[in-house]
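K.L.:
mind folding the following:
(chains A and B)
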Amino acid sequence: MKDSIVVEDLSFRYEIAKEYTLKDINFRAKLGEFVLLIGPSGCGKTTFINTINGIIPHVLKGILKGDVVVSDGEREYLVKETQIKTLATIVGTVFQDPETQFFTLSVLSELAFGPENLMLPPEEIRRRIEFAVEATGIKHLLQKSVFDLSGGQKQRVAIASALTMMPKILILDEPTANLDPQGAKEVLRVIDRLVRELNITVILIEHRLEEVSKYADRVIVMNKGEFLAEGPPRKVFGDPQIVDILYDIGIRPPWHIEILHKISKKYNLEVPEIPLTIEEAARILARILPNRNVADEPPRLRKLEETYNSLSNRRKVIEIRNLWFVYPDGTVALKGINLDIYEGEFVGIIGQNGSGKSTLCLTLLGLYRPTHGYVKVLGKDVSKMSIAEMSRSVGMIFQNPDLMLFQKTVWSEIAFGPRNVGLSEDEVARRVEESLKMMRLEEYRDHSPRALSRGQRHRVAVASILSMRPKILIADEPTTGQDYGSCKEYLELLRRLNEEQNMTIIVVSHSMDIIGKYAKRVIVMKDGRILADGPTHKIYENINMLRETDLEQPRVMQIVEELKKYGFDLPPVLTAEEFLNVVDKIMW
Amino acid sequence: MGAGTEYIKSLFIGFVFVPVFFVVINAIAYEMHVFLLFKGMPISIHNVALWLLLVPDESRSTVGMLGVTLAWIAGWLLAWSRSRNTAVTILAIVTSYFLYIVYLVSFWRIPIVIYVPEGFTQLLVAIIVVYLFASINKYRPKKTIFDLLERVGLRFPDSWKRPYDLPLKCPKCGATLHSSAKYCWNCHADLEALLSSEVS
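P.N.:
Below you'll find the predicted structure:
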């Protein structure tokens, strides 16, 4: 098979950087190969793909050593010597946020945009659009505005726009990061089809390994600008040495593989093959585990139910009654929400893209005024509170911490809020010191926030909110675009604030696993309404309701459900640890 | 917002916008060659205050009074629309009227003679119009968000439009509910259907 990408001795250093971001990389990808590139945030994955699509060296400057050659099947092009407009016809790139690459208002004009820029005749443009539409299955979306699409649909339109350039190589940088589980599956199926049916070479950067590993032909593990390991998914995730490397660099292997490794290690059981899907994992577990029933529900889950039932005994911190919110364009985002949230709760809000989760949070923050109904925070109507007053009651940490960091030092970043509400310098200093200590940032007080790692930047963002001493903290999509290590660090931080400070935490996320592990109460939203609200495990048990909103159970629950097909009768579990405890009971 | 704050706010809006509307109305009138009040006098605060009190002789002509009265009505209706408090707005109108007099007499030493009833016309008309608007607003049928949404063809079940008294109990299994969720977390019953007849 012919190579479509050849990378030889590639090293790259950004102009402003002291160290090389890429170090002596050698890589070959065959035509029609599906390559999965994994590694912790900041390891050089995006820099690497930018050397293939030509953004490096044509747009982003630096010191480039070695060669990158791409092929359209007929000719080979040395990237550094080929114009970017030519490269755009060979290598298509789709970014994490599809909206950043939309130029027009409608799907049809968006698809035509690329070929029009190549000055192709109208018949050819039409033919290419038909091809892209057919490949991605978006015929029904053609006449829609790009703003009316769901996250999954937007991502498919972004892929289709890349396909209209007829690329032989498609690079996707975390295309499912912002999508709900169903949207993510939809996009991955389309990508797989492009590889299998159209023989397109795909390089995919992804943190959600569970879903994608079954599609990939090859997995490459990257860290600090180097390739550490590569091979077929079963080999990479089945090799204990590579798995240890993954843990060392903060990458978690697919959950079902991890659980099998742990079980086989603990009980000295031989795993016949490495599973790539939940179904395969359940089949293997059913073979290696004795078939015993475990009836006891984990004590943590019993407590979740008791806590939910006794919430009324606590202080009510959020009261929402008949809340409607209509955007200026007439979109009805919230339709009669009635909700109470109490002090010290850890609430997870889930739902498909466009279900109203973010609008609800922005209304809680007072940034959106209710069209009808009211929101009371700590007993006060939000629409009658000033922004300064609100900032002392509710804090919100946005998906990207960088949007919240703009001061020169960590100290001044944390002091910014308290200073702006007119506190004395003594009080500001006291609060900053307290927040620095709480977030373990004392040693970075004089550092620039931007020079810190993503996990540290998240801690600075949280500290800047904590210095306002809010009673409620909202975290929007805390897992997006983060590797397992930084994600876990961030969620553990929220858990600490919840348990030690009795702070009410509201987390909005697509990750059913993360919500399952940390949230004590889950609110499921669909089309601006609350579909279900209750203790986490009870909500996750309602498979039909989850399907109604294109969500799915966390993997640990899926595996328990699958095991039922093999005659196992197991209690609901929400975390890997709880599942391992159940396995303990099965074994002993 | 307390009545005191609303009063200060209304007074501020009236003080700023009545002169602004007055100047705008006169500018438009000037362009239409209908009437001209200033006759070459500079548009200073002092002159505008004099006109608003109908002190100069020519201001008490029909067109002059009409321009001044319109400015008073527009400015104070704006103040009322912000506070929606009729008593506070009327008090602010009266206060502003006397503050203009105090300003002109104490600051500019102008001996002001208020002609009755012309000198009180603008004051009385503004009060009557604000009162009328408030009365109409009080008794006219209110359009809710639902009327507006239904006008553009959107339909929602009645149960969605009502506030719920939380926590609720699931009518089927008795589980505690802290929101108006569609499904019960415990028995998975469709609560919308079950509760729609019970909630008022």
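
K.L.:
buried sites along stretch A:80-91?
P.N.:
Neighbour counts using 16 or more other Cβ atoms under 10 Å in any protein chain shown place A:82, A:87-91 of stretch A:80-91 among the buried residues. (Glycine included, C-beta is placed from N, CA and C.)

K.L.:
quote the end-to-end distance of that stretch.
P.N.:
End-to-end distance of stretch A:80-91: 14 Å, with Cα to Cα, to the nearest Å as the criterion.

K.L.:
which residues are in contact with it?
P.N.:
When contacts are taken as Cβ atoms under 8 Å, 6 or more residues apart in numbering or on different chains, the neighbours of stretch A:80-91 outside the stretch itself are A:52-55, A:57-59, A:64, A:67-68, A:70-72, A:77, A:79, A:114, A:118, A:165-171.

K.L.:
in ChimeraX, how would I select the buried members of those?
P.N.:
Here is the ChimeraX command that selects the buried residues among these (16+ other Cβ under 10 Å):
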select /A:52,53,54,55,57,58,64,68,70,71,72,77,79,114,165,166,167,168,169,170,171
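
K.L.:
okay, and which of the contacts of stretch A:80-91 map to strands?
P.N.:
Cross-referencing the contacts of stretch A:80-91 against strands under DSSP state E gives A:64, A:67-68, A:70-71, A:77, A:169-171.

K.L.:
report the two of the residues you listed separated the most.
P.N.:
With distance counted by Cβ to Cβ, no two of these lie farther apart than A:Leu64 and A:Leu170, which are 22.8 Å apart.

K.L.:
break the chain into its domains for me.
P.N.:
No chain in the question, so chain A it is. In the assignment given by automatic domain parsing, the structural domains of chain A cover A:3-253, A:256-288+A:557-587.

K.L.:
not what I meant, chain B
P.N.:
In the recorded assignment (automatic domain parsing), chain B comprises B:3-139, B:151-195.

K.L.:
list the ones among the buried residues of stretch A:80-91 that fall in helices.
P.N.:
Counting by DSSP state H, the buried residues of stretch A:80-91 place A:Leu87 in helices.

K.L.:
quickly name whichever of the buried residues of stretch A:80-91 is closest to chain B.
P.N.:
Lowest distance from chain B to the buried residues of stretch A:80-91 (Cβ to the nearest Cβ) belongs to A:Ala88, with 42.3 Å.

K.L.:
residue ranges with poor pLDDT in the chain?
P.N.:
Here I'm looking at chain A. Counting by pLDDT under 70, chain A shows low-confidence ranges at A:1, A:150-151, A:178, A:454, A:480-483.

K.L.:
nope, chain B
P.N.:
Low-confidence segments of chain B, defined by pLDDT under 70, span residues B:1, B:35-40, B:196-200.

K.L.:
for the residue of it found nearest chain A, which residues are in contact?
P.N.:
Closest approach of chain B to chain A (Cβ to the nearest Cβ) occurs at B:Trp185, with a separation of 2.4 Å. Taking Cβ under 8 Å, 6+ apart as the criterion, B:Trp185 is in contact with A:308, A:532-535, A:538-539, A:542, B:175, B:177.

K.L.:
rewinding a little: can I get the ones in strands among the contacts of stretch A:80-91 in CSV including distance to A:Thr100?
P.N.:
Rendered in CSV, the data for these read as follows (distance: Cβ to Cβ, whole Å):
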residue, distance to A:Thr100
A:Leu64, 25
A:Asp67, 29
A:Val68, 24
A:Val70, 23
A:Ser71, 28
A:Tyr77, 26
A:Ile169, 20
A:Leu170, 17
A:Ile171, 15
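
K.L.:
same list, these, but as TSV with distance to chain B please.
P.N.:
Output for the ones in strands among the contacts of stretch A:80-91, formatted as TSV (distance: Cβ to the nearest Cβ, whole Å):
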residue	distance to chain B
A:Leu64	56
A:Asp67	59
A:Val68	53
A:Val70	51
A:Ser71	53
A:Tyr77	53
A:Ile169	46
A:Leu170	40
A:Ile171	41
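
K.L.:
ok, these vs B:Val102, which is closest?
P.N.:
A:Ile171 (74.8 Å).

K.L.:
in stretch A:225-242, what's buried?
P.N.:
Of the residues in stretch A:225-242, those scored as buried under the neighbour-count criterion (16+ other Cβ under 10 Å) are A:225, A:227-230, A:233-234, A:236-238, A:242.

K.L.:
oh, I was asking about stretch A:273-291
P.N.:
Across stretch A:273-291, burial judged by 16+ other Cβ under 10 Å covers A:274-278, A:280-285, A:289.

K.L.:
stretch A:246-256 now?
P.N.:
When neighbours are counted by 16+ other Cβ under 10 Å, the buried residues of stretch A:246-256 are found to be A:246, A:249-256.

K.L.:
who in chain B is up against chain A?
P.N.:
When proximity is defined as Cβ under 8 Å from any Cβ of the partner chain, chain B approaches chain A at B:1, B:144-146, B:149, B:152, B:154, B:156, B:160-164, B:166-167, B:175-186, B:188.

K.L.:
if you set the cut-off to 6 Å instead, what comes out?
P.N.:
B:145, B:160, B:163-164, B:166-167, B:176, B:178-183, B:185, B:188 (Cβ under 6 Å from any Cβ of the partner chain).
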